[in-house]
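**Q** turn this into a structure:
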Amino acid sequence: MPDQTPSPARLLLQGAQHSLPLILAAVPFGILYGVLAKAAGMSDLAIIGMSALVFAGSAQFLAVSMLGAAAAWPAILLATFFVNLRHMLYAATLVPHTRHMRSSIRAKLAFWLTDETFAVVSGWLRTHQDGKGLYWYYTGSALLMYSNWLLCSWIGLTLGQNLPGMTDLGLEVAMIVAFVGIIAPAMVYSPMWLAGISAGVCAIFTIDWPYQSGLIVSSVVGVSLGLILETLNLSKTIKSQDHSSEGGLNRE
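**A** Here you go, the predicted structure:
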């Protein structure tokens, strides 16, 4: 039977097309980053360079806010590390589909791993459980999100230079809307549910902690629980695959 996997070009296009709805929410998010970074006194090169080399919206927002408050670099690095902990849970979810890839390819996919691309790719994997063509589909989504982020960062810094008061337009609501829209469809695995519930409960009890430290603690609790459960699931999957392979060899 011929291989029914679409061509790389078609998979690239599909990944980009399926990411288009999330672009609509990411546009004001990227523009707001550029505006805030300019207001914090960052140079144009630093603003675009951060988007090109860091490519992590919420972490960039946090870093820009802390830079504006003259925070120390160690504090900024520590805070952004905790904010991005959720990506470890995303990565653990994708490991069964990527562990056969070369480390250089996995490193590239890890750099491009965003909330939006994870949501699109995890949805695609639910109907393509064999993972064939994952690299090209993932790349199509990631390239669109990356290009959009760079463009919107540039638009934001340009508007920040020419239109004072942009920070008062309430564009930050786009981040909340986008995150809810991204996470809700992905809440189909028990590790995701338990991670979200535990983080939410922890956030309620730590809401009055100073400097929003409760948010960081809640993130650590939720992601840690999710990683433990996802690791246990991964171990079971690998053992099941190994047993299946052994059974096939024995029959031969």
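**Q** host element of V95?
**A** Assigned by DSSP states H and E, V95 falls within helix 86-98.
**Q** helices or strands up against the next helix or strand after that helix?
**A** Going down the chain from helix 86-98, the next helix or strand is helix 103-111, by DSSP H and E. Packing contacts for helix 103-111, counted by 3 or more Cβ pairs under 8 Å, 6 or more residues apart in numbering; DSSP states H and E, involve helix 86-98, helix 134-162. Backbone N, C-alpha and C define where each C-beta goes, glycine included.
**Q** again, 7 Å this time
**A** helix 86-98 (3 or more Cβ pairs under 7 Å, 6 or more residues apart in numbering; DSSP states H and E).
**Q** that older thread, so for the helix holding V95, what gets flagged as buried?
**A** By 16 or more other Cβ atoms under 10 Å, the buried positions in helix 86-98 come out as R86, H87, L89, Y90, A91, A92, T93, L94, P96, H97, T98.
**Q** mind listing what A56 touches?
**A** Applying Cβ atoms under 7 Å, 6 or more residues apart in numbering, we find A56 in contact with N84.
**Q** for the remainder of this discussion, apply numbering that starts at 655.
**A** Sure thing, new numbering starts at 655, so read that last one as A710.
**Q** now do the phi/psi pair for it.
**A** In terms of degrees, to the nearest 10, the main-chain angles of A710 are phi -150, psi 100.
**Q** show me the residue at the heart of the protein, geometrically.
**A** By Cα atoms, centre = their mean, the chain has its centre lying nearest to T768, at 2.3 Å.
**Q** ok, it touching L797?
**A** No: assessed by Cβ atoms under 7 Å, T768 is found out of contact with L797, at 11.6 Å.
**Q** from R664, how far out is the closest residue to Q671 other than its chain neighbours?
**A** Counting by Cβ to Cβ, 6 or more residues apart in numbering, Q671 lies nearest to G794, which is 8.0 Å off, once chain neighbours are set aside. Per Cβ to Cβ, to the nearest Å, G794 is found 9 Å from R664.
**Q** what's the answer for L869, then?
**A** As for L869, its distance to R664 is 41 Å (criterion: Cβ to Cβ).
**Q** have a look at the two and say which one is more surrounded.
**A** More neighbours surround L869 than the other of L869 and R664, with 18 against 14 (other Cβ atoms under 10 Å).
**Q** sticking with that one, tell me its helix or strand.
**A** Following DSSP H and E, one finds L869 within helix 867-905.
**Q** with A670 instead?
**A** If you go by DSSP H and E, A670 is part of helix 662-693.
**Q** tell me which other helices or strands that helix touches.
**A** With contacts taken as 3+ Cβ pairs under 7 Å, 6+ apart, helix 662-693 sits against helix 698-707, helix 711-722, helix 769-781, helix 788-816, helix 827-840.
**Q** residues contacting the residue nearest to Q671?
**A** G794 sits next to L665, L666, L667, Q668, G669, A670 when contact means Cβ under 7 Å, 6+ apart.
**Q** try 10 Å this time
**A** By Cβ atoms under 10 Å, 6 or more residues apart in numbering, G794 lies in contact with 662-673, 771, 774-775.
**Q** and L805, by the same measure?
**A** Taking Cβ under 10 Å, 6+ apart, one finds V681, G684, I685, G688, S705 in contact with L805.
**Q** most neighbours among those residues, which one?
**A** Within these, neighbour counts (other Cβ under 10 Å) peak at G688, which reaches 28 neighbours.
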